[in-house]
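Visitor: Provided below are the primary sequence and the corresponding predicted coordinates.
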Amino acid sequence: MARPTKTPASIIIHYDEHRLEVPAGRTILTALEAAGVRLVRGVGCRGGVCGACSVLFRVPSRSHDLSAGLMCQEIVQNGMEILPLPYVPQRKVRHDLELAEDETAAFHVLHLYPEVNNCIMCKECVRVCPMKIDVMGYVGMIKQGDLKAAARESFTCIGCQLCVARCPSSISQPNAALAARRWYGRHMEPKAEHLEKMREKIDSGHYAPIMRRLRLLDAEKFQALYQRREMEPDDAPPGTWLPDDRCML
């Protein structure tokens, strides 16, 4: 009868040319912190949502491939070599959301980010995306002028920029997708009636007394109020749940 294999209490990883002994079974982020590494940048929500802790890594004993992920999600492996990417230079075009009479939203987005036409369909962006988004797909949708499809396909993008770091055509995919969502939402998406009603309530000062009371709370009371907040159940059908306390609705 084979004996069960024991999981080592600690493993060795390599970070910034340093050999570190870290607890096994931790995420890269918590393992580095346990080893005394103080991360000033590249730390955000710690839940795989904000995209701040993007990382490239290699595990030589398993593969020569350079892999990508999020430090708050990837579990450390023995011998792992780690390169955090707290920032990746990408092209960002400043723009407003106004259209000339002879323009369409689709044309304008393509004018802002014409480099999407340079896509060589290598799918490297798809391979490294931690959110499993069809990045190459929404780039193609922008090229074809289908902003609705591009907005929906890119909706879960967290802006980690790993696709930018690996793109051989130097496309700024997250920014192009963000422009597609903004221009589609401004000029093409039907207006939501409930949002217009909410805006009117805000403009009328309905929430001003509530906000004044919140600002007067000290940090401890504010935190306690936040911890007691009602949360929508995970299994609630979309658009059906309402909190018992509806003063903010």
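Guide: Nice, thanks for sending it over. These numbers come from a predicted model, not from an experiment.
Visitor: quick check, central residue of the protein?
Guide: Nearest to the geometric centre of the chain sits residue 158, at 1.4 Å (Cα atoms, centre = their mean).
Visitor: that one contacts residue 47, correct?
Guide: No. Between residue 158 and residue 47 there is no contact under Cβ atoms under 8 Å: 10.3 Å. Where C-beta positions appear, they are placed from N, C-alpha and C, glycine not excepted.
Visitor: which residues touch the lowest-mean-pLDDT helix or strand in the chain?
Guide: None of the helices or strands of the chain scores lower by mean pLDDT, DSSP states H and E than helix 193-203, at a mean of 90. Helix 193-203 has contacts (Cβ atoms under 8 Å, 6 or more residues apart in numbering) with residue 207.
Visitor: mind doing that once more with 7 Å?
Guide: Applying Cβ atoms under 7 Å, 6 or more residues apart in numbering, helix 193-203 turns out to have no external contacts.
Visitor: which stretches of the chain form strands?
Guide: Using DSSP state E, the strands of the chain run over 10-15, 18-23, 54-58, 67-70, 81-84.
Visitor: helices or strands up against the third one?
Guide: So the one you mean is strand 54-58. Applying 3 or more Cβ pairs under 7 Å, 6 or more residues apart in numbering; DSSP states H and E, one finds that strand 54-58 contacts strand 67-70, strand 81-84.
Visitor: need the CA coordinates for the longest helix along the chain. CSV is fine.
Guide: The residue-count maximum for a helix in the chain (DSSP state H) belongs to helix 173-187. Written as CSV, here are the backbone C-alpha positions of helix 173-187 (Å, rounded to 0.1, in the frame of the first residue of the first chain):
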residue,chain,number,x,y,z
GLN,A,173,-6.5,45.9,-25.7
PRO,A,174,-7.9,47.0,-22.3
ASN,A,175,-8.1,50.7,-23.4
ALA,A,176,-9.6,49.9,-26.8
ALA,A,177,-12.2,47.8,-25.0
LEU,A,178,-12.9,50.5,-22.5
ALA,A,179,-13.4,53.0,-25.3
ALA,A,180,-15.8,50.5,-27.0
ARG,A,181,-17.9,50.2,-23.8
ARG,A,182,-18.0,53.9,-23.2
TRP,A,183,-18.9,54.9,-26.7
TYR,A,184,-21.5,52.1,-27.0
GLY,A,185,-23.0,53.1,-23.6
ARG,A,186,-23.2,56.8,-24.5
HIS,A,187,-24.5,56.6,-28.0
